[in-house]
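Undergrad: need coordinates for the below:
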Amino acid sequence: MKIGILQTGHSPDELKDELGNYGEMFPKLLDGHGFDFEVWSVVDGVFPDSMDQADGWLITGSKHGAYEDHHWIPPLEEFIRKNYAAHRPMVGICFGHQVIAQALGGTVEKFDGGWSVGRTEYDIGGRKLALNAWHQDQVTALPEGAKVIGSTDFCKNAALVYDDRIWTIQPHPEFGHAFIDGLIKTRGKGVVPDDQLAAAAKELGAPLHNQDIADQIATFFKTKLKERA
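TA: Predicted coordinates for the structure are as follows:
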């Protein structure tokens with residue numbers, strides 16, 4: 001089973017060598033589930049020739065906004081729509097969660113309530129799961145066919161499924177504490193309020209449920225791929 005990773009951003013240069021680029025984090029997160037992976041850096045204009053080049057697709061996080069004017073976002077949205085119509089399974093993380101919603105008719109905005117940063121507890125499928133967040137943008141209006149399966153009081157559309165074809169989540173199951181610590185010290189300074197950065201720093205080392213989400217992603221892909229077989 002081959003998962004194609006559509007990389008929509010790059011890790012900060014200060015963190016890339018030690019902790020990996022965004023596209024490299026998901027093979028590690030999903031290790032042990034029997035998948036093969038290939039990365040296409042769509043943020044640099046590198047797209048797959050066909051959706052048939054992978055059995056399922058995963059769209060990464062990014063520092064960019066889904067609503068911003070970048071040359072690679074319209075073709076990415078078209079890829080999402082074609083993939084959805086073809087019933088090929090797709091997963092979206094953070095920016096991926098947002099751009100999928102936008103491509104299918106939803107709304108993504110810079111949330112006027114501010115940032116969500118660091119370890120955050122989400123209600124996902126009736127369970128309280130702690131994951132690392134790093135976002136200000138949110139899906140504020142759902143596209144047709146999307147169902148909420150995860151939320152917080154701050155982010156009501158934190159995890160979505162679309163007719164069992166697409167599974168997306170706002171927080172970052174691929175981010176461990178070391179990466180959040182690096183973001184606090186690099187991209188966070190002067191952008192995220194200091195009190196939020198300090199609060200996130202205090203939570204470094206507390207338990208996370210990244211593996212629970214990895215297992216859910218793997219189960220989603222395997223179930224959908226079995227149905228297509």
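Undergrad: surely Thr219 is in a strand?
TA: No - assessed with DSSP: H, G, I helix; E, B strand; the rest coil, Thr219 is helix; it does not lie in a strand.
Undergrad: let me know the pLDDT of Phe229.
TA: For residue 229 the amino acid is Ala, not Phe. Here the pLDDT value assigned to Ala229 is 65.
Undergrad: ditto for Lys147
TA: pLDDT at Lys147 comes out at 97.
Undergrad: need the residues that contact the helix or strand it falls within.
TA: Taking DSSP states H and E as the definition, Lys147 sits inside strand 146-151. Residues outside strand 146-151 that contact it (CB atoms under 8 Å, 6 or more residues apart in numbering): 101, 104, 106, 122-125, 142, 156-162, 169-170. Every residue, glycine included, has its C-beta placed from N, CA and C.
Undergrad: how about a cut-off of 10 Å?
TA: 100-101, 104-106, 122-127, 129, 131, 139, 142, 156-164, 166-171, 213, 216 (CB atoms under 10 Å, 6 or more residues apart in numbering).
Undergrad: which of the residues you listed are buried, as a PyMOL select command?
TA: Buried residues among these (16 or more other CB atoms under 10 Å), as a PyMOL selection:
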select buried, resi 100+101+104+106+122+124+129+131+139+142+157+158+159+160+161+162+166+167+168+169+170+171+213+216
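Undergrad: looking at the contacts of strand 146-151, which are in helices?
TA: Ile100, Ala101, Ile213, Gln216 (DSSP state H).
Undergrad: quick one, what contacts the closest residue to the second one other than its chain neighbours?
TA: Spelled out, it's Ala101. Nearest-residue entry for Ala101: Val139, 4.4 Å, with adjacent residues in sequence omitted and distances by CB to CB, 6 or more residues apart in numbering. Contacts for Val139 (CB under 10 Å, 6+ apart) come out as 66, 97-102, 106-109, 111, 146, 148, 155-158, 160, 168, 170.
Undergrad: was I right to think Ile93 contacts Leu30?
TA: No - at 11.6 Å, Ile93 does not count as touching Leu30 under the criterion of CB atoms under 10 Å.
Undergrad: more crowded one of these two?
TA: More neighbours surround Ile93 than the other of Ile93 and Leu30, with 27 against 21 (other CB atoms under 10 Å).
Undergrad: tell me how far that one lies from Leu131.
TA: 10 Å (CB to CB, to the nearest Å).
Undergrad: anything in contact with each of those two?
TA: Ile169, Gln170, Pro171, His172, Pro173, Glu174, Phe175, Ile213.
Undergrad: reformat those as CSV; add distance to Gly9 and pLDDT.
TA: Below are the shared contacts of Ile93 and Leu131 laid out as CSV (distance: CB to CB, whole Å; pLDDT from 0 to 100):
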residue, distance to Gly9, pLDDT
Ile169, 16, 98
Gln170, 15, 98
Pro171, 16, 98
His172, 12, 98
Pro173, 16, 98
Glu174, 12, 98
Phe175, 13, 98
Ile213, 19, 98
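Undergrad: now, which of those residues sits nearest Glu38?
TA: Glu174 (16.8 Å; CB to CB).
Undergrad: residues contacting Thr168?
TA: 58-59, 90-94, 96-101, 139, 146, 149-150, 157-162.
Undergrad: now do 7 Å
TA: Val91, Gly92, Gly96, His97, Ile100, Ala159, Leu160 (CB atoms under 7 Å, 6 or more residues apart in numbering).
Undergrad: do the same with Leu142
TA: Counting by CB under 7 Å, 6+ apart, Leu142 has contacts Ala101, Gly106, Asn157.
Undergrad: nearest to Ile184, of the residues you listed?
TA: Asn157 (25.3 Å).
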